[in-house]
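Undergrad: got a predicted structure here, sequence first:
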Amino acid sequence: MVYKKIIASILTIALTFTLVGCGSADPGNVEKPAEKNDKIQIGLSIDSLLIERWSRERDLFVSKAQELGAEVNVQNANGIVEEQIKQIGYFIDKKMDVIVVIAIDDIAIKDTIAAAKKEGIKVIAYDRPIRNTNVDLYLSVDNEKVGELMAEYIKEYIGNEGTIIQVKGSPTDYNVQMVQEGFERILSTTKIKVDYAKFSDGWVAENGFAITDEYLNMGKRPDAIMCGNDNLAAHAIRALIEHRLGGKVCVVGQDADLEACQRIVEGTQYMTVYKPVEKLAIKAAERAVDMANGIPLGLKDTFDDGTYEVPYEKLEPIAVTKKNMDEVITGKYHQKNEIYLNVP
């Protein structure tokens, strides 16, 4: 009997420990596995938000990407190439699925883009090409066409002869070279002379004033001024106004900024080139998501980046003047009350 009691006690103790081990732990103390974020991760590196169009395109890109189920991390380099390099490096460390870059200096960021490609991250060169890097897509407008449209308008306005000056954009922006190629192609069929031409490092808008003022102080008056963008045109026009030439010289630019459209209907700027940036930003978001999902782009056009033939998708630019402002811009890109703010 004593032996049986000992065995029963041992069994009771064992059962008690078994029950404690199975059911007494506090569920609140059990760590749950971290939830994995399955959303597509896109990094967007912007040159500078001081330029009007980049703010608009950022918002459109982010909105469309989110609509498609992706998350976007936006970094603004403020026009400083060293910052852009750091920011792209940050995207690499974060293992982004796709990086979209508006390049400040495509040569300077070349090694960082190569590092992203090495990690298997897809790269889209947005608006500006990134040469010798074999990016997965170059998405832009036809920049040579932009230059052609500028030259065609100047030719139409001043005739087959005349003197012009050029306030070019940043020399590190390869688009500037492509615009110039298109511009020169049309001018070569005329007797129009480029009497003065300078670059604006970093796209600093105030250089538009300095370059134009410098030329006018030589006692010369151009028939037309070709400006790299509408910001430069704004300051070139300011110099013309100070020399009492406002509205008397044909000034052309690009981007169809709101203030440029206002100047056109007021008569101080003659033409701008509208680039369908809404379509460009939305298309970039769609392409980025497709790339992350492994969907083929199916593009036939390619761009020679200096070493590789990369997939190229381009949109067509449109010349905008006072005559077709309402047809192309009003109610679509800018509102009528904004465009005609200063016009009775």
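TA: That came in fine, so what should we check first?

Undergrad: quick one: average confidence on stretch 193-209?
TA: Computed over stretch 193-209, the mean pLDDT rounds to 96.

Undergrad: shaky segments in this protein?
TA: 1-37 (pLDDT under 70).

Undergrad: domains in it, by residue range?
TA: Following automatic domain parsing, the chain resolves into domains at 40-135+277-315, 143-275+319-339.

Undergrad: and those domains as CSV, adding mean neighbour count?
TA: Any C-beta I mention is one placed from the backbone N, CA and C, and that applies to glycine too. Converted to CSV, these look like this (neighbours: other C-beta atoms under 10 Å):
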stretch, mean neighbour count
domain 40-135+277-315, 19
domain 143-275+319-339, 20
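
Undergrad: which residue would you name as the spatial centre of the chain?
TA: Centroid-nearest residue in the chain: I102, 4.4 Å away (criterion: C-alpha atoms, centre = their mean).

Undergrad: now do the same contact list for the closest residue to that one other than its chain neighbours.
TA: Leaving aside its chain neighbours, I102 sits nearest to D47 (4.7 Å; criterion: C-beta to C-beta, 6 or more residues apart in numbering). For D47, the contacting residues are W54, A77, G79, Q84, I102, A103, I104, R128, W203, taking C-beta atoms under 8 Å, 6 or more residues apart in numbering as the criterion.

Undergrad: quick check: what element follows the helix or strand harbouring the fourth one along the chain?
TA: When elements are defined using DSSP states H and E, Q84 is found to belong to helix 81-93. Using DSSP H and E, the helix or strand that follows helix 81-93 in sequence is strand 98-101.

Undergrad: sheet-wise, list the partners of that following strand with their directions.
TA: strand 40-46 (parallel), strand 122-126 (parallel) (DSSP bridges).

Undergrad: with distance to K248 added, can I get those strands in CSV?
TA: Compiled in CSV, the strands paired with strand 98-101 are given as follows (distance: least, C-beta to C-beta, whole Å):
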stretch, distance to K248
strand 40-46, 37
strand 122-126, 38
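
Undergrad: how about those, which one is nearest D326?
TA: When those are compared by C-beta to C-beta, strand 122-126 sits nearest D326, at 29.4 Å.

Undergrad: what lies in contact with whichever strand or helix holds A197?
TA: Using DSSP H and E, A197 falls within strand 191-198. With C-beta under 8 Å, 6+ apart as the contact definition, strand 191-198 has outside contacts at 154-155, 158, 160-168, 187, 207, 211, 215, 220, 222.

Undergrad: on that earlier part again, closest to Y274 out of the contacts of D47?
TA: Distances from Y274 to these, taken by C-beta to C-beta, are shortest for W54, at 15.9 Å.

Undergrad: counting by contacts, list what the strand or helix carrying that closest one packs against.
TA: Using DSSP H and E, the element containing W54 is helix 52-67. Packing contacts for helix 52-67, counted by 3 or more C-beta pairs under 8 Å, 6 or more residues apart in numbering; DSSP states H and E, involve strand 40-46, strand 70-76, helix 277-292.

Undergrad: in CSV: those, plus distance to V98.
TA: Formatted as CSV, the helices and strands packed on helix 52-67 follow (distance: least, C-beta to C-beta, whole Å):
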stretch, distance to V98
strand 40-46, 5
strand 70-76, 8
helix 277-292, 4
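
Undergrad: for those, which one sits closest to I329?
TA: helix 277-292 (11.9 Å).

Undergrad: related to what we said a few turns ago, from A224, how far off is the residue nearest to the centre of the chain?
TA: 29 Å (C-beta to C-beta, to the nearest Å).

Undergrad: likewise for T189?
TA: Distance, T189 to A224, by C-beta to C-beta: 16 Å.

Undergrad: likewise for E71?
TA: 46 Å.

Undergrad: where do the helices sit along the chain?
TA: Per DSSP state H, the chain carries helices over the ranges 2-23, 52-67, 81-93, 110-118, 143-158, 174-187, 207-216, 230-242, 258-266, 277-292, 325-328, 336-339.

Undergrad: would you turn the ones you listed into a markdown table with distance to F303?
TA: Formatted as a markdown table, the helices of the chain follow (distance: least, C-beta to C-beta, whole Å):
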| stretch | distance to F303 |
| --- | --- |
| helix 2-23 | 66 |
| helix 52-67 | 20 |
| helix 81-93 | 20 |
| helix 110-118 | 15 |
| helix 143-158 | 11 |
| helix 174-187 | 10 |
| helix 207-216 | 29 |
| helix 230-242 | 25 |
| helix 258-266 | 28 |
| helix 277-292 | 14 |
| helix 325-328 | 26 |
| helix 336-339 | 34 |
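
Undergrad: could you point out which of the ones you listed sits nearest T133?
TA: Closest to T133 of those, according to C-beta to C-beta: helix 110-118, at 4.6 Å.
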